[in-house]
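# fold the stuff below for me.
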Amino acid sequence: MRSTQANGRHTADPPRQPPGARGGPTARPPGTAPAGADGAAEDEAREAARPPGPEPGDDRPADPRAVDDDVAGAVRQVLERVLADRLAHCRELDAVFAHDVAERVAHSTLHGGGRLRPRFLWWAFRACGGEDPARTRAALRAGAALELLQTCALVHDDVMDAAPTRRGGPAVHAGVARQYAGVVPGAAARHLGASAAVLAGDLALAWADDVVADLLLDEEAGAGAARRLRDVWRTMRTEMAAGQYLDVHGGATSVFAVARALRAARLKSALYTVARPLELGAALAGADPGTTRVLCRAGRCAGLAFQLRDDLDDVFADPRDTGKPSAGDVRQGKPTYLLAVARARATAAGDRTALDVLDHCVGRADLSESALARVRDVLVATGARDLVGARIAHLTEQALRHLGEAPCEPRAAAGLRRLLCEATGTAPDVPAPGGPPPGAALAAAGREAGR
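Reported below is the predicted structural model:
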């Protein structure tokens, strides 16, 4: 890559035509060639498969019954519209910023994942009787905000974990560092990549807040629902940050207490992934406080099971299914519930061999495959894997029981039950409405976990 000099600093030349400048936010990832004939064919295929819902630029509300068939697709349409507007503004500001940062935010948001959080929001909205056309549009916009918030979380998480990949491709910080590897020294390129990723996460959060602010100003949700939406959104953002800090703090201090691991899992995933989206959907539907409390109880159980499933998958699942390197939690020394249980059980049994393996292997970035195999053996031999699996099953049963206590619309409640099972890794062969096809459910849930 050539470089130019401006104000004494070398910078990479911005592309004459930034990827996506004409094709909108659905263009190829930054750093790749603009779409040609193959891209045009992809655009035509995407247009033919466009899901029901409001067209980009169309302010008419969607038919909720049509959205039921493809929730993820309807949310994507809203995201395409939002991101096209934001990218146009960024390109007016600066081509390099738009290409290096803003387009990566758009690409990360639009590609990969099963839209798990917006689907929880949607099916809670529908289960609580949500069918008003204006509130339907509000629910889709709130779902789009959740996806942008998830992009913020994942981009920042990859920086904190020094994770090189995300969903089968380079993480944002790694992609930027690679882009400038031939322009600036290696350390400077890595620093630039990390800095760009911090800003990309901040930008995604700002865009998420913009969507929610516009939603509140438009009063599509109604005054009462808007106040509840604002309060839940505010609480959720803080919980997410607290949970993530407990995660990195535990890794740095090697604190592997079981109770602390559960607290971090509840804050960083159980509430943010399931309980709060359910609460948002209930608020938008105008559900009564009693129904909302029952849904939140179900969400807390299912959300914790979701995070525990992610802990198991990190160590034992195929990276091609999770979209992340294998055993990242072990290499980073994260105080997951799985590792905390293994250490507690080894300590109680006086198993010095197992404790030595955990002491010498957990937290080693250069962990070999043979050492990782020894860690897996310890997780199995101490009974930690089986105990976590049993806890997931029990939490899922609790979630379904709580859901059964809520006075929900039957068809939507059935979809919500299947979605809860999908998220916890106990999904039936039939997917929840609006979700991925059979066989893709668990892989999508794994990619959605992200942490």
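# helix or strand for Glu131, which one?
For Glu131, there is no helix or strand it lies in under DSSP states H and E.
# quick check, pLDDT for the closest residue to it other than its chain neighbours.
In space, and not counting its chain neighbours, Glu131 is closest to Pro64: 5.0 Å by CB to CB, 6 or more residues apart in numbering. In this view, the C-beta of every residue, glycine as well, is placed from N, C-alpha and C. Note on Pro64: pLDDT of 88.
# mind checking how far Pro64 is from Ala144?
Pro64 sits 16 Å away from Ala144, going by CB to CB, to the nearest Å.
# of those two, which one has the most company?
Counted by other CB atoms under 10 Å, Pro64 and Ala144 do not tie: Ala144 has more neighbours, with 28 against 23.
# quick one: mean pLDDT for the strand or helix carrying that one?
Taking DSSP H and E as the definition, Ala144 sits inside helix 133-161. Helix 133-161 shows a mean pLDDT of 94.
# can you check stretch 293-312 too?
pLDDT averaged over stretch 293-312 gives 95.
# buried sites along the helix holding Ala144?
Neighbour-count burial for helix 133-161, counted by 16 or more other CB atoms under 10 Å, picks out 135-161.
# then stretch 74-85?
Ala74, Val75, Arg76, Gln77, Val78, Leu79, Glu80, Arg81, Val82, Leu83, Ala84.
# next secondary structure after the longest helix seen in the chain?
The longest helix of the chain (DSSP state H) is helix 186-218. Beyond helix 186-218 in the direction of the C-terminus, DSSP H and E gives the next helix or strand as helix 223-253.
# now do the end-to-end distance for stretch 375-389.
17 Å (CA to CA, to the nearest Å).
# surely Gly286 touches Ala226?
No: using CB atoms under 8 Å, Gly286 makes no contact with Ala226, being 11.0 Å away.
# higher neighbour count, these two?
Here Gly286 and Ala226 are compared on neighbour count by other CB under 10 Å; more neighbours surround Ala226, at 20 against 17.
# go ahead and confirm that one touches Leu216.
Yes: taking CB under 8 Å as the definition, Ala226 is a contact partner of Leu216 at 4.9 Å.
# where does Ala302 fall, secondary structure wise?
Assigned by DSSP H and E, Ala302 falls in helix 289-316.
# by how many degrees do that helix and helix 223-253 diverge?
30 degrees (axes from the mean of the first three to the mean of the last three CA atoms, to 10 degrees).
# helices or strands up against the following helix or strand past helix 289-316?
Going down the chain from helix 289-316, the next helix or strand is helix 319-322, by DSSP H and E. Here helix 319-322 touches helix 289-316, helix 441-449, going by 3 or more CB pairs under 8 Å, 6 or more residues apart in numbering; DSSP states H and E.
# the same query, at a cut-off of 7 Å, please.
Under the contact definition 3 or more CB pairs under 7 Å, 6 or more residues apart in numbering; DSSP states H and E, helix 319-322 sits against helix 441-449.
# give me the mean pLDDT for the helix it packs on.
42.
# Ala252 and Gly201, how far apart?
Taking CB to CB as the measure, Ala252 falls 20 Å from Gly201.
# out of those two, which sits in the more crowded spot?
A side-by-side neighbour count of Ala252 and Gly201, using other CB under 10 Å, places Gly201 first with 25 against 12.
# how many neighbours does Asp231 have?
12.
# no no, Ala265
Neighbours around Ala265, by other CB under 10 Å: 25.
# pretty sure it sits against Leu304.
Yes: under the criterion of CB atoms under 7 Å, Ala265 makes contact with Leu304 at 5.9 Å.
# list the residues that contact Thr109.
The contact partners of Thr109, by CB atoms under 7 Å, 6 or more residues apart in numbering, come to Leu79, Leu83, Glu147, Leu148, Thr151, Ala204.
# part of a helix, is the first one?
Yes: residue state for Leu79 (DSSP: H, G, I helix; E, B strand; the rest coil) corresponds to a helix.
# quick check: it touching Leu110?
Yes: here Leu79 reaches Leu110: they are 6.1 Å apart, a contact under CB under 7 Å.
# below-threshold pLDDT in the stretch 301-450 of the chain: ranges please.
For the stretch 301-450 of the chain, residues meeting the criterion pLDDT under 70 lie at 323-324, 427-450.
# mind listing the helices for it?
319-322, 328-332, 337-349, 352-361, 369-381, 384-405, 410-423, 441-449 (DSSP state H, counting those that start in this stretch).
# out of these, which is closest to Asp100?
helix 441-449 (24.1 Å; CB to CB).
# so who does Ala393 touch?
Thr426 are the contacts of Ala393 under CB under 7 Å, 6+ apart.
# would you check how far apart it and Gln150 are?
26 Å.
# same thing with Ala259?
For Ala259, the distance to Gln150 - CB to CB - is 27 Å.
# what do you get for Arg309?
17 Å.
# return the closest of the contacts of Thr109 with respect to Arg364.
Thr151 (29.7 Å).
# surely the closest one meets Arg104?
No: with contact defined as CB under 7 Å, Thr151 does not count as touching Arg104 (9.4 Å).
# list the contacts of Asp351.
Thr382.
# ok, Ala384 next?
For Ala384, counting by CB under 7 Å, 6+ apart, the contacting residues are Leu338, Val341, Ala342, Arg345.
# among the residues you listed, who's most crowded?
Most surrounded of the contacts of Ala384: other CB under 10 Å gives Ala342, at 29 neighbours.
# the residue nearest to it when sequence neighbours are not counted and Gly251, how far apart?
Residue nearest to Ala342 in three dimensions, not counting chain neighbours: Ala384, with 3.8 Å by CB to CB, 6+ apart. Taking CB to CB as the measure, Ala384 falls 18 Å from Gly251.
# and Val211, by the same measure?
Val211 is 32 Å from Gly251, by CB to CB.
# what's the answer for Asp85, then?
38 Å.
# now swap in Leu403 and tell me
Counting by CB to CB, the gap from Leu403 to Gly251 is 34 Å.
# more neighbours: which of these two?
For Leu403 versus Gly251, neighbours defined as other CB under 10 Å are more numerous around Leu403 (23 against 20).
# give me the number of residues near the residue nearest to the more buried one when sequence neighbours are not counted?
Spatial nearest neighbour of Leu403, excluding adjacent residues (CB to CB, 6+ apart): Ala298 at 4.5 Å. Neighbour count for Ala298, taken as other CB under 10 Å: 26.
# who are the contact partners of Ala298?
Counting by CB under 7 Å, 6+ apart, Ala298 touches Ala399, His402, Leu403.
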